[in-house]
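Participant: compute the structure for the input listed below.
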Amino acid sequence: MVPYGAPMNIEDEYIKNVEELPSCPEIALEVLLIAQDEECDFQALADKIDRDLNLTANMLRMGNSVIYGYMKKISSVKDMIVRLGLNNVKLIAITSASSALLKPSKEAYGLAYGALWRHSYATAILASIIGNYAKVDNEATLYTAALLHDVGKVILDRPLQAEILNREPPEQKMSFVDFEDYILHTNHAKVGMALLESWGLPDDICIPVGYHHLREMSDQADMNTKIVYLANLLIENMGILLTDPEMYNFNVHDQEDPAAVMAEVPNFAGNKEFIIDTFFEKYSDGLSLL
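Facilitator: Modelled structure (predicted):
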């Protein structure tokens, strides 16, 4: 636990024992790293996945789900790549590799089993659709950033539980991130970015994770950051929320109007209805995988 009156590098203090996390297997992390490469070697990806029986089984289950139910049954990762295409398999690999980390309950955040995963998955689906319209360069990178945007909550769950017992609750309502800063002197976005940096993931993933709760969207923010920020905000506005706003006396929706960011994302405003309709279709189909 990071003591009260924490040092400047508080995020590093929180993640220094991250190797104790039981749900981040080495092979799953290596799969995440391989899948970010736009010129990913499908043989290397398949060989790496085949080394983890749980990951392989989960991917085959997803590949043979109702989404791809019209196809003949897929029996191997290589078969999946040939028949679904490398890009689709990369997204399935990223999703499968992240699920064990995000699914467990997070008591300090009031999250039942699967709640963090559903929100994260929804954000990734929406970000991917927005990114397609905006013509982003690397869909897998954007998808990963959106899927892992709340990974800092995995790290902060236990420290938050402990510190809540030692601190007086705030008298005034505040935003969720401000509440974390009040209790822990940092927040899940900063800790999530530090964690992913320590894993060696690229800036195109780490920075959107660290800034997905920006109060002001700078003109210097890259497109991945804007899209992850926008997708997370829209998912929350749709009601696919996380923590009960009454749990710690804060305002989940104490956020700015997304209109400014919408205007900065290419092809979003004119296609908003199509984007949202496509999201609900894909998200509903994908719920059977969760």
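
Participant: what stretches of the stretch 1-150 of the chain score poorly on pLDDT?
Facilitator: 1-8, 17-25, 66-71 (pLDDT under 70).

Participant: now with 50, please.
Facilitator: Counting by pLDDT under 50, the ranges of the stretch 1-150 of the chain that qualify are 1-8, 22-23, 66.

Participant: can you check the stretch 151-290 of the chain too?
Facilitator: Using pLDDT under 50, the flagged stretches of the stretch 151-290 of the chain are 252-254.

Participant: now the strands for it?
Facilitator: Secondary structure of the stretch 151-290 of the chain (DSSP state E, counting those that start in this stretch): strands located at 174-175, 250-251.

Participant: what sits up against stretch 40-48?
Facilitator: 27, 30-31, 34-35, 76-78, 81, 86, 89-90, 93 (CB atoms under 8 Å, 6 or more residues apart in numbering). C-beta coordinates here come from the backbone N, C-alpha and C atoms, glycine included.

Participant: please, a ChimeraX command that selects the buried ones among those?
Facilitator: Burial among the contacts of stretch 40-48 is assessed by 16 or more other CB atoms under 10 Å; the matching ChimeraX selection reads:
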select :27,30,31,34,35,77,78,81,86,89,90,93
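
Participant: now tabulate the contacts of stretch 40-48 in CSV and tack on distance to Thr225 and secondary structure.
Facilitator: Output for the contacts of stretch 40-48, formatted as CSV (distance: CB to CB, whole Å; DSSP: H, G, I helix; E, B strand; the rest coil):
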residue, distance to Thr225, secondary structure
Ile27, 29, helix
Glu30, 25, helix
Val31, 24, helix
Ile34, 23, helix
Ala35, 20, helix
Ser76, 37, coil
Val77, 32, helix
Lys78, 35, helix
Ile81, 30, helix
Leu86, 26, helix
Val89, 26, helix
Lys90, 21, helix
Ala93, 23, helix
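
Participant: tabulate the contacts of stretch 40-48 in TSV, adding columns for distance to Ile183.
Facilitator: As requested, the contacts of stretch 40-48 are arranged in TSV below (distance: CB to CB, whole Å):
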residue	distance to Ile183
Ile27	35
Glu30	34
Val31	34
Ile34	37
Ala35	35
Ser76	47
Val77	43
Lys78	48
Ile81	45
Leu86	43
Val89	41
Lys90	37
Ala93	35
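
Participant: show me what the longest helix seen in the chain is packed against.
Facilitator: As assigned by DSSP state H, the longest helix anywhere in the chain is helix 115-134. Secondary structure elements in contact with helix 115-134, counted by 3 or more CB pairs under 8 Å, 6 or more residues apart in numbering; DSSP states H and E, are helix 86-102, helix 139-147, helix 223-237, helix 272-286.

Participant: centre of the chain to the shortest one, how far?
Facilitator: So the one you mean is helix 139-147. 8 Å (CA atoms, centre = their mean, to the nearest Å).
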